[in-house]
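Colleague: Have a look at this prediction, sequence included:
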Amino acid sequence: SQTIHQWPATLVQPVGSPLSLECTVEGTSNPNLYWYRQAAGRGLQLLFYSVGIGQISSEVPQNLSASRPQDRQFILSSKKLLLSDSGFYLCAWATSGSDTQYFGPGTRLTVL
Amino acid sequence: AQSVTQLDSHVSVSEGTPVLLRCNYSSSYSPSLFWYVQHPNKGLQLLLKYTSAATLVKGINGFEAEFKKSETSFHLTKPSAHMSDAAEYFCVVSDNYGQNFVFGPGTRLSVLP
């Protein structure tokens, strides 16, 4: 069966510090991968999606970036965090060609 | 363009009474429709999915949803609420290709003892 992992589970970072959140999927090959942000009272916002290694599509221009160095690994990064980057970050995967997404447990990021 | 409206931001029911969470959608395609549940500080869990095979879809934990094309609705129901059902529920519409997955704003369900 497929599983999706995210770490860390929680993170508190100062403004201006870098960020790296990791997402890995097990039990499937060549999945589509997604990063979402859920800010308080604002619902889910798609940040990035990837259909393959090195292929990243950005949905929202911001100071975040994403990379996919391996087939089942998806990384969300920032060089300098802003207060507005605080939120709950969710990674999701879907089988290529399918529209059903499965979500990871999330990372709670607080920027102070 | 696709869109999703969840008519209630908050629904409160007593334990053992029925649950109704409303969702209306707009889509240019023949869409896929989903309901997800999110407990506090957790990821989203898929409850059920509609893909045109049957208009009444049964999901996990006793939930079901009925697709009504004429009303462009996909309301989520459960005959008897349990305390563990208290969570945020999201209705989602997709264009079947996974490139356009649109979330509703969510409905928070409270279950009172």
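Modeller: Thanks, I have it.
Colleague: My read is that residue B:113 contacts residue B:15, right?
Modeller: Yes: with contact defined as C-beta atoms under 8 Å, residue B:113 reaches residue B:15; the gap is 5.7 Å. All C-beta atoms are positioned from the backbone trio N, CA, C, and that covers glycine.
Colleague: Can you pull up the residues of chain B that come close to chain A?
Modeller: Proximity of chain B to chain A (C-beta under 8 Å from any C-beta of the partner chain) is limited to residues B:32, B:34, B:36, B:41-46, B:49, B:90, B:94-98, B:101, B:103-106.
Colleague: most centrally placed residue in chain B?
Modeller: residue B:35 (3.5 Å; C-alpha atoms, centre = their mean).
Colleague: Any chance you could list residues touching both of residue B:113 and residue B:15?
Modeller: By C-beta atoms under 8 Å, 6 or more residues apart in numbering or on different chains, residue B:113 and residue B:15 have these common neighbours: residue B:83.
Colleague: how about low-confidence regions in chain A?
Modeller: For chain A, the stretches with pLDDT under 70 are A:61.
Colleague: let's see it at 80
Modeller: The model of chain A has pLDDT under 80 over residues A:40-42, A:61-62.
Colleague: SS state for the residue most central in space within it?
Modeller: Nearest to the geometric centre of chain A sits residue A:35, at 3.2 Å (C-alpha atoms, centre = their mean). Judged by DSSP: H, G, I helix; E, B strand; the rest coil, the three-state class of residue A:35 is strand.
Colleague: Check which helices and strands the helix or strand bottoming out on mean pLDDT in chain B is in contact with.
Modeller: Lowest on mean pLDDT, DSSP states H and E among the helices and strands of chain B sits strand B:101-103, with a mean of 88. When contacts are defined as 3 or more C-beta pairs under 8 Å, 6 or more residues apart in numbering or on different chains; DSSP states H and E, strand B:101-103 sits against strand B:3-5, strand B:87-94.
Colleague: so after the first one, what's the next helix or strand?
Modeller: Remark: after strand B:3-5, the chain's next helix or strand is strand B:10-14, criterion DSSP states H and E.
Colleague: Who are the contact partners of residue A:71?
Modeller: A:29, A:30, A:31, A:52, A:53.
Colleague: Now rank those residues by neighbours and give me the top one.
Modeller: residue A:31 (24 neighbours; other C-beta atoms under 10 Å in any protein chain shown).
Colleague: sec struct for the closest residue to it other than its chain neighbours, please.
Modeller: Spatially, and ignoring its direct neighbours in sequence, residue A:31 is nearest to residue A:93 (4.3 Å; C-beta to C-beta, 6 or more residues apart in numbering or on different chains). Per three-state DSSP, the secondary structure class of residue A:93 is strand.
Colleague: Residue A:93 - how many residues pack around it?
Modeller: The burial count for residue A:93: 27, using other C-beta under 10 Å.
Colleague: Residue A:55 too?
Modeller: Around residue A:55 there are 11 residues (other C-beta under 10 Å).
Colleague: Quick one: list the elements packing against the helix or strand where residue B:65 lies.
Modeller: Using DSSP H and E, residue B:65 sits within strand B:64-68. Where contact means 3+ C-beta pairs under 8 Å, 6+ apart, strand B:64-68 is packed against strand B:32-38, strand B:44-50, strand B:56-58, strand B:73-78.
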